[in-house]
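Peer 1: Sequence first, then the predicted structure:
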Amino acid sequence: MWKDSETELDYLDFDYLIETIINIIKNDNLLPSTIGVYGDWGSGKSSLINMSISSIKEDEDIVPIYFNGWLFEDYEDAKTALLGSILDVIEKEKKLDEKAKDCIIGLYKSIDKMKLFKNAINLGIGSFFTGGTKIIADFTISVLIDKIMSSNDEILKENLFETINAELTNKELRESIITFRKDFDNLLKQTKIDRLVVFIDELDRCSPETILETLEAIRLFLYVGRTVFIIGADERHISYAVQTKFKEIEGLGIDIGKEYLEKIIQYPVRIPRLSTREVELYISLLYMEKELTNEEFEKAIEFINEQKSKNFFDFQLDYNLLKSFDEDIANKVKLSLEISKQISSVLAKGLNGNPRHCKRFLNSMEMRLNMAKHKGIELDRKILAKTMLLEYFKPRMFAELVSAPIDLTGKIVELSALENNETESLEKLASWKDDDWVINWLNMEPYIGNEDLRPYFYFARTSLDNRYEMPKMKLSKVANEVLKKLLSGSESALRSACVKAEEVNDYEAALIIEHLISQITSSSEIIDTQFRALLEWGKLKKETHIAIIRGLEALSGTRIKPSHIPRVWNFAKEINQVQKINEILDEWIKHNPEIKPIIESERRN
């Protein structure tokens, strides 16, 4: 199995992105600057940041600082946590003379004042009393707050609250910010720091408030010295955080989130989604790392990089290429190379080439192999990979396969018939012949119609039990936002959700459909807006058409209203499945004759 975390090993061809970042850092004409490392969740942002840090950490002229915004969330104000972390590293890394010490003391005081201002607001402090400003100088932030909260003297509490409020006027805060910028610039000069590079990671995991506080902290440094801020995040989540603050200008045709972000981030570096070829290479390298010794792996990586440099766009890693280098290494990873080729095209398209999703799929496979081994059962890795692709991307169809009739040897008769293109006698799996994704899956090696699949289904039991809970567990923020809009009942929200269809991968689109169908089938009455959302969303992706049809088949005609029929009929025509929908309509009529006139009317039209 593989650790689900960032790495310093470049399996994703990030070298050119790293070089772009380093060039900006080392270009005096571009400093101070901010760089955005943008990509989807799981695309490798943290790994790219780690690799960039590794590339500069030996340079004595550069002081790199790593800050994880998510780590400090709920424990400390994000703005002051970031500022304090920067000062802590400078104090640790550099020997400070007296002038530098004075600078850093002043900077810590400025941060304390910002903390005090934030806490004062959070505590709901009232108006001023006669204590003057001296009281602030007599207490550090921690002592002052402790004194307030522990005192039983209500008059003292009120006086202290009012004194803080008076001290922390907007004018005072502005002056503190100006002083901070000036002192920080002096600190860089006193410590002879050639350039300070701050890497901010995991920002898109944070709440909108934390994201905004961090961006506000970065603004303090935009024009100060040779500083570089590198922010790793999904830019859509950052834009959303900004929009939550500036709701009042919605509807004016201004994308405030994008506009604000462009003011802060000067140089966006976007991580592209992996192609099928890149996913295949990524999976192959993961397997090679696991199955080879360190020495063998290092030798193989050196050879692979050398071959890639000769013909980058046409490079293909396969058994014969590795064999020409080292036959023993090639034989060790032969099966893994075959599996990489087998699953790469499906994962690349279905998961939008997302490395983390790919790794999780592989880890799920490895866990099942380990569970089977514990039971004394040997699973074929290629068969397991194929069955899990269906389970992952077509959970409803996988459930149909599990419940399909088997013969005495455990063979699924209808699956064998489908593989041989014998579709006339199909019953349980009849709809499969109309699904292009399934047809491609059936034609993928190995053919499994004559295999006993019961051991593979045994270790998929929890997936089958929880298939309707999967959307809650596995949807990304964007897909979850789409699902909420589809369930909201709002016409504008439905349009907005449909616009975002291209941002949702096939896997998550299927989960959204599963959730909508589950909502509709489990409700005592079909909610019209949800029914419409199911059809409108479902027709946008060809891969979800059959899932919608299966969902409609599961509905009893007694629950169908006349108003539903035109929508269903339009859906049938748009996805070119009139014959199949007609069969469903005929079944509905048997249980609900009242809808027959509207169905016949639609058929005539």
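Peer 2: Perfect, I can see it now.

Peer 1: Need the phi and psi values for the closest residue to residue 371 other than its chain neighbours.
Peer 2: In space, and not counting its chain neighbours, residue 371 is closest to residue 459: 5.5 Å by Cβ to Cβ, 6 or more residues apart in numbering. Any C-beta I mention is one placed from the backbone N, CA and C, and that applies to glycine too. Dihedral angles of residue 459 (phi, psi; degrees, to the nearest 10) stand at phi -90, psi 0.

Peer 1: How many residues are close by residue 483?
Peer 2: 23 (other Cβ atoms under 10 Å).

Peer 1: ugh, wrong one, I meant residue 268
Peer 2: By other Cβ under 10 Å, the residues close to residue 268 number 14.

Peer 1: Which residue, other than its chain neighbours, is closest to it?
Peer 2: Residue nearest to residue 268 in three dimensions, not counting chain neighbours: residue 36, with 4.5 Å by Cβ to Cβ, 6+ apart.

Peer 1: Could I get the phi/psi values of the one you found?
Peer 2: phi -100, psi 120.

Peer 1: And for residue 394?
Peer 2: Main-chain dihedrals, residue 394, degrees, to the nearest 10: phi -130, psi 70.

Peer 1: Surely it and residue 440 touch.
Peer 2: No. Using Cβ atoms under 8 Å, residue 394 is not in contact with residue 440, being 11.5 Å away.

Peer 1: one step back: what separation do you get for the residue nearest to residue 268 and residue 235?
Peer 2: As judged by Cβ to Cβ, to the nearest Å, residue 36 and residue 235 stand 7 Å apart.

Peer 1: Comparing the two, which shows the higher neighbour count?
Peer 2: The neighbour comparison of residue 36 against residue 235 (other Cβ under 10 Å) goes to residue 36, with 23 against 20.

Peer 1: Retrieve the pLDDT associated with that one.
Peer 2: Model confidence at residue 36, given as pLDDT, is 94.

Peer 1: so what's the backbone phi/psi at residue 32?
Peer 2: For residue 32, the backbone dihedrals (degrees, to the nearest 10) come out as phi -70, psi 150.

Peer 1: Next: residue 327.
Peer 2: Dihedral angles (degrees, to the nearest 10) for residue 327: phi -70, psi -40.

Peer 1: and it, how many neighbours does it have?
Peer 2: Neighbour tally, residue 327, other Cβ under 10 Å: 11.

Peer 1: and the gap between it and residue 321?
Peer 2: 12 Å.

Peer 1: Tell me how the chain divides into domains.
Peer 2: Listed domain ranges for the chain are 30-78+195-272, 95-192, 276-464, 470-604 (source: automatic domain parsing).

Peer 1: who touches residue 261 in this structure?
Peer 2: 36, 235, 238-239, 242 (Cβ atoms under 8 Å, 6 or more residues apart in numbering).

Peer 1: if you set the cut-off to 6 Å instead, what comes out?
Peer 2: By Cβ atoms under 6 Å, 6 or more residues apart in numbering, the contact set of residue 261 is 238-239.
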